[in-house]
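> everything below, folded, please.
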Amino acid sequence: MQVSLLQCQSSRDVSANLQQLESQLNQLPRQADEPQLVVLPECVCLFGGHEGEQLAHAGELTASGHDSLLRRTLADYARRFQIWLVAGTIPALAADGRVYSRCYLFDDKGQVQGQYDKMHLFDVDVEDGTRSYRESDTFCPGEQISVIDTPFGKLGLAICYDVRFPDLFRALRLAGAEIIALPAAFTAVTGEAHWQTLVQARALDSQCFMLAAGQWGRHNQGNRETWGQSMIVDPWGRILAQLPQGIGWVQAKLDFAELARVRKAMPIVSHNRFKAPKLNTGVNE
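Now for the predicted structure:
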C-alpha cells in the first residue's frame, strides 16, 4: 500500500497555494491502479494571517455541516486525482463564531470520511524571528480524537504541536489506530531540536506508522521559517523515507505484517499498568 506525503512552502496567497498543490498532485509518482493515501502539511492552503484572514476563508455552517471554498476545492482534488486525501489543515468556522484548525479526510470520490480539529494550540515563545506564537488568539481547540476506518487501515489524525503530547497518541492507539497522519508546520528552531525525536517517539509510543508531512523553508517574505523533514516512520521507530529540505514527495509502502510482528513481540498495550495509580504520600498507614 502506497502512501505519499507532500512537503511544500505555502504562503498567505491562497490562490498560489492551491495552484502549487494542484501542480504537485499532477506530478505525483504512482502506479496507475495503485490505491494512494496522500497526506498534506498543516496550513497547506493558507499559511499565516490572523483572525480576520482566517475568518475570511473559514466558510459557513450549513445544515449538513461546514462548507467553504477551500473544503470544496480539496474534495475536488481528491476526486479528480482519485486519492484518499488527508487534507492538511484549513480554517473552519465554529458554532461560536471562532475558527478551528481542521483536518479533513476525503476518500477518492471526494466524500468526507472523517475530520479532526487541532486539540493543542501552539502558544509558546521561540528564539527565532517571530519569537512569540499565540495560536489561541486565532483558533479554538478541538475536543475529540479521530480514528477512521479506511482501505489502508485504521487512520488516526493529529496536527503539529499535538506531537508533544503522548497521551493523545496513546488514546489514538487505544481507539484502534494503525496509522497516524501528522500534518505539521514546525518552526525551524524547534524542528532542528525536536522534530525527528518526537515523530519517532510517537511511533514507538503508539506502535503505529507515522505519516508526518511538513512545511519547509521561508514563508511570506521570510517572516516565518519552517523545518521540513517530512518523514514516514514505522512502528519500530525506523525512518522509511524522508525529505530533509525542499518541495516534493516522500513515499513508502507500509508493511502491516511488520506492524503485527512489532505489536506481538512487544505488547505494550496489555502491559501498561498506568491507569489510576495510587498517590504515594510517603506516609505509611
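> make it CA atoms for all contacts and neighbour counts henceforth
Noted.
> my guess is R263 contacts Q207. True?
Yes: at 6.7 Å, R263 counts as touching Q207 under the criterion of C-alpha atoms under 8 Å.
> ok, the two, which is more surrounded?
More crowded of R263 and Q207, by other C-alpha atoms under 10 Å: Q207, with 28 against 16.
> same for the longest strand anywhere in the chain, what does it pack against?
For the chain, the strand with the greatest residue count under DSSP state E is strand 99-106. If you count contacts as 3 or more C-alpha pairs under 8 Å, 6 or more residues apart in numbering; DSSP states H and E, strand 99-106 packs onto strand 84-86, strand 90-93, strand 112-117.
> okay if I get the ones you listed as JSON lines plus distance to G176 and mean neighbour count?
Listed next are those as JSON lines, based on distance: least, C-alpha to C-alpha, whole Å; neighbours: other C-alpha atoms under 10 Å:
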{"stretch": "strand 84-86", "distance to G176": "18", "mean neighbour count": "27"}
{"stretch": "strand 90-93", "distance to G176": "26", "mean neighbour count": "27"}
{"stretch": "strand 112-117", "distance to G176": "15", "mean neighbour count": "20"}
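> show me the shaky parts of the stretch 1-150 of the chain.
Nowhere does the stretch 1-150 of the chain drop to pLDDT under 70.
> just the strands in it please.
Assigned by DSSP state E, counting those that start in this stretch, the stretch 1-150 of the chain shows strands spanning 2-7, 36-39, 60-62, 65-67, 84-86, 90-93, 99-106, 112-117, 123-125, 132-134, 147-150.
> same thing with the stretch 151-285 of the chain?
153-157, 179-184, 209-214, 216-219, 224-227, 230-233, 239-243, 248-253.
> how about R173, what does it touch?
Residues counted as contacts of R173 (C-alpha atoms under 8 Å, 6 or more residues apart in numbering) are 206-208.
> ok, so of these, who is nearest I232?
When the contacts of R173 are compared for distance to I232 (C-alpha to C-alpha), C208 comes out closest, at 10.7 Å.
> tell me if I'm right that the closest one and I180 touch.
Yes: under the criterion of C-alpha under 8 Å, C208 is in contact with I180, at a separation of 6.6 Å.
> settle it for me: which of those two has more neighbours?
When C208 and I180 are compared for neighbours, C208 comes out ahead with 31 against 26, by other C-alpha under 10 Å.
> could you check the pLDDT of that one?
Turning to C208, the model gives it a pLDDT of 98.
> how close does it get to M266?
Here the criterion is C-alpha to C-alpha, to the nearest Å. By it, C208 lies 13 Å from M266.
> in space, what's closest to A175 - neighbours in sequence excluded?
Taking C-alpha to C-alpha, 6 or more residues apart in numbering, and ignoring the residues beside it in sequence, A175 has V147 as its nearest neighbour in space, at 6.7 Å.
> which ones are touching that neighbour?
154-157, 172, 175-177.
> now the buried members of these.
Members of those that pass the buried threshold by neighbour count (16 or more other C-alpha atoms under 10 Å) are listed as 154-157, 172, 175-177.
> quick one: which of these is nearest to D125?
Nearest to D125, judged by C-alpha to C-alpha, of the buried ones among the contacts of V147 is L157 at 25.5 Å.
> please name the nearest non-neighbouring residue to the closest one.
Nearest-residue entry for L157: A181, 5.2 Å, with adjacent residues in sequence omitted and distances by C-alpha to C-alpha, 6+ apart.
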